[in-house]
Every structure is written in structure tokens, then in C-alpha cells.
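Colleague: 3D model of this:
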Amino acid sequence: DGDYWYHPYPNGDGMLYAPTAGTHHGVLTGHADADPLADFDLTLWYYDSVYEDWTPVATSTTNSANEEIWNDGPEGWYSWEVNSWSGSGGYTLDMSGPGL
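Modeller: This is a model prediction of the structure:
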């Protein structure tokens, strides 16, 4: 229904500084309690310091509660976003990348 959440990294804030270029990987898994019609999407954002703006660099938008992203990117600031387009329920977001 259009809800969204930004996910903190293990350091506790909503962003991760990747000290080197590398691969970012995110896996969104809907829990067993999720509505069978739940539709969650996953987006990886990158902060473009030239334009001083956040830019989506990868998005997974299947019609399910499970999504996965692999993205090779430069050093810099990143953040993950989960969108709920329909349904409800819990989920887990596992993420890895340079600096984690």
C-alpha cells in the first residue's frame, strides 16, 4: 500500500560508506506470516556527491515478497529501501558489500 522503510546497516545508521568499489548484495525474504499476495520491492540507493542527491542504482520488483539485488558500484554512501506495494507481513533483509 505504498509504505516504505530505509534499513540501517549494522553500524546503526541508515547508510553505509563503502570504502572501496565492490559488489553489494541484498536479499529480501518475506516471512511465513506474510500475506500470500504481499508484494515487496527492494531498491539500492547511492549518494551522488556531484549532484548532491540520492540515486537508485538497482531495483528488484517481482510480484512477490522475495527480492534479490546484485550491484557492482564505486566507493561511496549506500542505503537500502523496502517498499510494500500490497499485502502485509514480516520480512528479513540480508545485505553484504564493501565495508560490512
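Colleague: Could you please name the strands the helix or strand His25 falls within pairs with and the direction of each pair?
Modeller: Using DSSP states H and E, His25 falls within strand 22-30. Strand 22-30 pairs in its sheet with strand 67-73 (antiparallel), strand 91-96 (antiparallel), by DSSP bridges.
Colleague: Residues contacting the helix or strand following it, please?
Modeller: Moving toward the C-terminus from strand 22-30, the next helix or strand (DSSP H and E) is strand 39-48. Contacts with strand 39-48, where a contact means CB atoms under 8 Å, 6 or more residues apart in numbering, come from 15, 24, 26, 28, 30, 53-61, 63-69, 71, 73-74, 76-87, 91, 93. C-beta here means a position set from N, CA and C on the backbone, and glycine is covered the same way.
Colleague: Strand 39-48: how far from the chain's middle?
Modeller: 5 Å (CA atoms, centre = their mean, to the nearest Å).
Colleague: Return the alpha-carbon coordinates of that strand using CSV.
Modeller: Once non-C-alpha atoms are left out, strand 39-48 reads as follows in CSV (Å, rounded to 0.1, in the frame of the first residue of the first chain):
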residue,chain,number,x,y,z
ASP,A,39,4.3,-7.5,-3.0
PHE,A,40,7.6,-6.0,-1.6
ASP,A,41,10.2,-4.3,-3.7
LEU,A,42,13.9,-3.7,-2.9
THR,A,43,16.0,-0.7,-4.0
LEU,A,44,19.7,0.1,-3.5
TRP,A,45,20.4,3.8,-3.4
TYR,A,46,23.8,5.6,-4.0
TYR,A,47,24.6,9.1,-2.9
ASP,A,48,25.9,11.0,-5.9
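Colleague: Fine by me, we can end here.
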